[in-house]
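In: got a structure for you, letters missing:
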């Protein structure tokens, strides 16, 4: 069966190393596939409100799988068609726990990014371009008291950043004790969602809605939070810059995101 849907991670995959730009070759390859009737979905650990600059570059995309699969948004229908969030009571417990630790974190709720005002001092950037961070900071809602301001709301995803591996592992164990899934999309970071919320589950749900089987799905990724999506799709690609675990799980290895790896794979296998 031919490719009917292409699902791609953003950072380290669809986007250039600056975490901002979709190259002209990548735009062209995806647009050609879309004109053939292939549905295009981006699948990201970011929340919906933080991917507007990407959508502006490829406005023809159909769906956004965001917050590591916690939700799926239909761009043309302008509605959420799948949702799988952390319950409000567990979200409240997490916020209380993290508030007592010397660690930076952010939380995605209602398609927005929230951060705690007094925690930015614990963030050390070792990996991300400064221009990308400026865009992130501008999009975030900085609160004096997240526990109070987000009371009664369920989180899409919680992300914690720390160079301290021991502390990071301890927080990961705490998330596990709450029955949450722990993964990562960046260096020195961990993310928590409900166990059934991942890019693979979300892509599976989207394909079911569209009546597309696994053998019609193509997926691209580079990090651990892409692995379920890679395992789901028949045409699965790990980028050349991907982690080794993902390369082992994928059917194919594309060139890196710095070398238009996604575009070249789409040209060869979908066009």
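Out: Okay, I see it. Small disclaimer: the values here were computed from a predicted structure and weren't measured.
In: so residue 10 makes contact with residue 42?
Out: Yes - at 5.8 Å, residue 10 counts as touching residue 42 under the criterion of C-beta atoms under 8 Å. C-beta coordinates here come from the backbone N, C-alpha and C atoms, glycine included.
In: shared neighbours of these two, which are they?
Out: Common contact partners of residue 10 and residue 42 (C-beta atoms under 8 Å, 6 or more residues apart in numbering): 51, 54.
In: higher neighbour count, the two?
Out: Taking other C-beta atoms under 10 Å, residue 10 and residue 42 do not tie; residue 42 has more neighbours (27 against 23).
In: what does the helix or strand containing the more buried one rub up against?
Out: Here residue 42 sits within strand 39-43, counting by DSSP states H and E. Contacts with strand 39-43, where a contact means C-beta under 8 Å, 6+ apart, come from 4-10, 14, 30, 33-34, 51, 54, 58, 60-66, 69, 72, 199, 202-203, 206, 210, 212, 219, 221, 226, 229.
In: partner strands of that strand and their direction?
Out: strand 5-8 (parallel), strand 63-66 (parallel) (DSSP bridges).
In: could I get the contacting residues of the closest residue to residue 139 other than its chain neighbours?
Out: Nearest residue to residue 139, sequence neighbours excluded (C-beta to C-beta, 6 or more residues apart in numbering): residue 50, at 5.1 Å. Applying C-beta under 8 Å, 6+ apart to residue 50 gives the contacts 113, 135, 136, 139.
In: farthest pair in those?
Out: 113 and 135 (11.0 Å; C-beta to C-beta).
In: for residue 112, give me its contacts.
Out: Contact partners of residue 112, counting by C-beta under 8 Å, 6+ apart, are 47, 49, 141.
In: wait, which of those is closest to residue 269?
Out: Nearest member of the contacts of residue 112 to residue 269, counting by C-beta to C-beta, is residue 47, at 30.0 Å.
In: which residue packs closest to the closest one, ignoring adjacent ones?
Out: Leaving aside its chain neighbours, residue 47 sits nearest to residue 108 (3.9 Å; criterion: C-beta to C-beta, 6+ apart).
In: are we agreed that the one you found is in a strand?
Out: Yes - counting by DSSP: H, G, I helix; E, B strand; the rest coil, residue 108 is part of a strand.
In: give me the neighbour count for residue 132.
Out: 17.
In: show me the shaky parts of the chain.
Out: 1, 121-122, 125-126 (pLDDT under 70).
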